[in-house]
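Peer 1: sequence? don't have it. structure:
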């Protein structure tokens, strides 16, 4: 029990964080950079790690992000944890809450709970080749892993990013991809439907997979994208000889609590907010609903 | 008998039982089964005369008293903006007593307890649970009850007091907790039950076991495997084609606990509340995400999920089935989807395919 009788330890209590900057990165996506630590608050908030302490998180984990009066939604971190720096979140305009979040600017406050869920085990990737396959907004959580890996580029083998988006307008982090390329991440982008001025490739992300020659056992493939993408990408990776232990994925689901109670994120017997969102392909055995 | 308590069962006369129940109703906020216009229902009690222990399981379970259908989790004072917003968690728990819970519901409540205490603790539920006195009452099955097929026809724990109505004169009361003993000592201590009376309990269980008309054709421990093998069964399509997706089966279930969370702004925009309301996995938007993708698109998939939640998925996470055989979903279904009939059809199919 808490020593102070006034503080109630509700698992649903969020903490306030100040927005440092907001960057519009597409017609529907904004990149929020948050301040390090918590905004001073009049609410009785308590956080593990002490007052003003920023939460520590892994690539692939998520926060419940909310605004009083508008609700909450699960949003994956978009950059890896770094001491002294705040959280980065890429938020797509999709409804009432995200609409309100998109109206916020530097100095405004948003409210967080978390981090929740499993993250990527970057340590376990060391010494291996990595193929990152991202579709749509899947590039946002993927970026948290990419940047973590690139920070220690020398510890990894060949790195390759295959990234598919619907249209050139929906390709995110275009300028950054050049930096990633320079940092040693071979990057290829493909769009479902080209437009004037698009000189890149047109097709599906699986079309980029043809030249891949992964070495089973010393390669990790990481897949994050829309539901329809997983089945095709995973089947192709398996045909290339990769086994279940070589493939990791992050799955999206509806979430309302983040703490394994509300039932929305359940896939067969697994709670995505607890056992996921990051899974090894082998973890999905018996989970027929995973790629629905 | 009575391994859960160091105090052996007590014998109370009908009059002593009445004074015990009367005292509880006076001292606590009390709920119990009543005849509500011909429907058995839990209701706030004002007198023990309202109580009916001879009815089928109540239309709704007692979930409302521990996990209300609508509950405020947080209050927002929006007088100031940004970090000036004051957020107050709401955790309310007033002493209450639930009288007349049958063994199915007592076993169902124990499952809710384990869900809410697992991992991150749901303090709203747990505080309310801790402030709740449970007085169970033994029963006989109606034509839909099938608890005996799931081993939930007896309650060995999860109650403070448990009342057995004897065929003659009085009642036996089993004591499940110290709080239960205290209450009994305070209001109606009766006398120690004699052997001949305790024997009557076993006689009752024998009578009860013989009285079930609805049964599952598999052992409880076989059910997770049966359901796990049923993914492609045509039964799901067949019940999916008649299901209206109304969510009533979720609504009445004592072990359904899924909820939605949403905010409600006051009309003057100066305050707001974060509310949780019951949700149900058979409702069509349960797995719908922003952007329009629905992870369980068909009613067949949603019903398969619900049946798996009751007979399969919980066995991994909580080492238990999540159906207690109360039969409420069957009684309430608008299109007569019957949980024992559906499950037996699945059992038959899977057993036949195994040869």
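Peer 2: In hand now; what should we look at? Because the structure is a prediction, the values reported are computed rather than measured.
Peer 1: quick one: residue A:74 from residue B:210, how far?
Peer 2: With distances taken as Cβ to Cβ, to the nearest Å, residue A:74 is found 51 Å from residue B:210. No exception for glycine: its C-beta is placed from N, CA and C like everyone else's.
Peer 1: out of these two, which sits in the more crowded spot?
Peer 2: Neighbours were counted for residue A:74 and for residue B:210 using other Cβ atoms under 10 Å in any protein chain shown; residue A:74 has more, 25 against 9.
Peer 1: name the element that one belongs to?
Peer 2: Element membership for residue A:74 (DSSP states H and E) is strand A:71-76.
Peer 1: so residue A:146: helix, strand or coil?
Peer 2: helix (DSSP: H, G, I helix; E, B strand; the rest coil).
Peer 1: so is stretch B:228-237 next to chain A?
Peer 2: Yes: in terms of Cβ under 8 Å from any Cβ of the partner chain, part of stretch B:228-237 sits within range of chain A, namely B:228, B:231.
Peer 1: in chain B, what spans have low per-residue confidence?
Peer 2: B:1-5 (pLDDT under 70).
Peer 1: distance between stretch B:89-103 and the chain's centre?
Peer 2: Its chain's C-alpha centre and that of stretch B:89-103 lie 12 Å apart, by Cα atoms, centre = their mean, to the nearest Å.
Peer 1: near chain B, which residues of the stretch 51-200 of chain A?
Peer 2: Contact residues (Cβ under 8 Å from any Cβ) of the stretch 51-200 of chain A with chain B: A:68-73, A:92, A:94-95, A:98, A:107-109, A:111.
Peer 1: include neighbour count, secondary structure and pLDDT when you put these into CSV, please.
Peer 2: Listed next are those as CSV, based on neighbours: other Cβ atoms under 10 Å in any protein chain shown; DSSP: H, G, I helix; E, B strand; the rest coil; pLDDT from 0 to 100:
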residue, neighbour count, secondary structure, pLDDT
A:68, 26, coil, 96
A:69, 20, coil, 95
A:70, 20, coil, 96
A:71, 22, strand, 96
A:72, 24, strand, 96
A:73, 24, strand, 96
A:92, 20, strand, 95
A:94, 16, coil, 92
A:95, 13, coil, 90
A:98, 20, helix, 96
A:107, 12, coil, 95
A:108, 17, coil, 95
A:109, 21, strand, 95
A:111, 26, strand, 95
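Peer 1: export the residues you listed to CSV and tack on distance to residue B:188?
Peer 2: Converted to CSV, those look like this (distance: Cβ to Cβ, whole Å):
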residue, distance to residue B:188
A:68, 50
A:69, 51
A:70, 53
A:71, 49
A:72, 49
A:73, 53
A:92, 63
A:94, 60
A:95, 57
A:98, 59
A:107, 65
A:108, 62
A:109, 57
A:111, 51
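Peer 1: what helices or strands is the strand holding residue A:74 leaning on?
Peer 2: Judged by 3 or more Cβ pairs under 8 Å, 6 or more residues apart in numbering or on different chains; DSSP states H and E, the packing partners of strand A:71-76 are strand A:62-67, strand A:88-92, helix A:96-102, strand A:109-116, helix A:139-151, strand B:259-265.
Peer 1: out of these, which is closest to residue B:56?
Peer 2: Evaluated over those, closeness to residue B:56 peaks at strand B:259-265, with 26.9 Å, by Cβ to Cβ.
Peer 1: so that closest one versus strand A:62-67, what angle?
Peer 2: With axes from the mean of the first three to the mean of the last three Cα atoms, to 10 degrees applied, the angle from strand B:259-265 to strand A:62-67 works out at 30 degrees.
Peer 1: between strand A:71-76 and strand B:259-265, find me the angle.
Peer 2: Orientation note: strand B:259-265 sits at an angle of 120 degrees relative to strand A:71-76 (the same axes, to 10 degrees).
Peer 1: off-centre distance for strand B:259-265?
Peer 2: How far strand B:259-265 lies from its chain's middle: 24 Å, per Cα atoms, centre = their mean.
Peer 1: thinking again about what came up before, which other residues reach the strand holding residue A:74?
Peer 2: Around strand A:71-76, the neighbours that count as contacts under Cβ atoms under 8 Å, 6 or more residues apart in numbering or on different chains are A:14, A:60-66, A:89-91, A:96-98, A:111, A:113, A:116, A:140-141, A:144, A:250, A:255-256, A:258, A:273, A:277, B:261-263, B:274, B:290.
Peer 1: what do you get for stretch B:8-25?
Peer 2: Identification of contacts with stretch B:8-25 by Cβ under 8 Å, 6+ apart yields B:1-2, B:30, B:45-48, B:51, B:97, B:99, B:133, B:135, B:163-164, B:169-175, B:183-184, B:186-194, B:197-198, B:201.
Peer 1: show me which of those residues are buried.
Peer 2: Buried members of the contacts of stretch B:8-25, counted by 16 or more other Cβ atoms under 10 Å in any protein chain shown: B:2, B:30, B:45, B:48, B:51, B:97, B:99, B:133, B:135, B:163-164, B:170-175, B:183-184, B:187-188, B:190, B:193, B:197-198, B:201.
Peer 1: could you tell me which of those residues belong to strands?
Peer 2: Within these, residues falling in strands by DSSP state E are B:30, B:97, B:99, B:133, B:135, B:163-164, B:171-175.
Peer 1: and the residue of the stretch 101-250 of chain B closest to chain A?
Peer 2: The nearest approach of the stretch 101-250 of chain B to chain A comes at residue B:120, 3.8 Å away (Cβ to the nearest Cβ).
Peer 1: ok, and the spatially closest residue to that residue that is not a sequence neighbour, which helix or strand is that part of?
Peer 2: Using Cβ to Cβ, 6 or more residues apart in numbering or on different chains and skipping the chain neighbours, the partner closest in space to residue B:120 is residue A:259 (3.8 Å). If you go by DSSP H and E, residue A:259 is not part of any helix or strand.
Peer 1: and for residue A:259, the neighbour number?
Peer 2: Residues near residue A:259, counting by other Cβ under 10 Å, number 21.
Peer 1: what ranges do the helices span in chain B?
Peer 2: In chain B, the helices defined using DSSP state H lie at B:14-27, B:103-117, B:123-130, B:178-187, B:195-209, B:223-228, B:234-240, B:248-252, B:299-311, B:313-317, B:328-332, B:339-354.
Peer 1: pipe these into JSON lines and attach distance to residue A:188 per row.
Peer 2: Below are these laid out as JSON lines (distance: least, Cβ to Cβ, whole Å):
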{"stretch": "helix B:14-27", "distance to residue A:188": "72"}
{"stretch": "helix B:103-117", "distance to residue A:188": "45"}
{"stretch": "helix B:123-130", "distance to residue A:188": "49"}
{"stretch": "helix B:178-187", "distance to residue A:188": "67"}
{"stretch": "helix B:195-209", "distance to residue A:188": "68"}
{"stretch": "helix B:223-228", "distance to residue A:188": "40"}
{"stretch": "helix B:234-240", "distance to residue A:188": "41"}
{"stretch": "helix B:248-252", "distance to residue A:188": "46"}
{"stretch": "helix B:299-311", "distance to residue A:188": "36"}
{"stretch": "helix B:313-317", "distance to residue A:188": "40"}
{"stretch": "helix B:328-332", "distance to residue A:188": "52"}
{"stretch": "helix B:339-354", "distance to residue A:188": "46"}
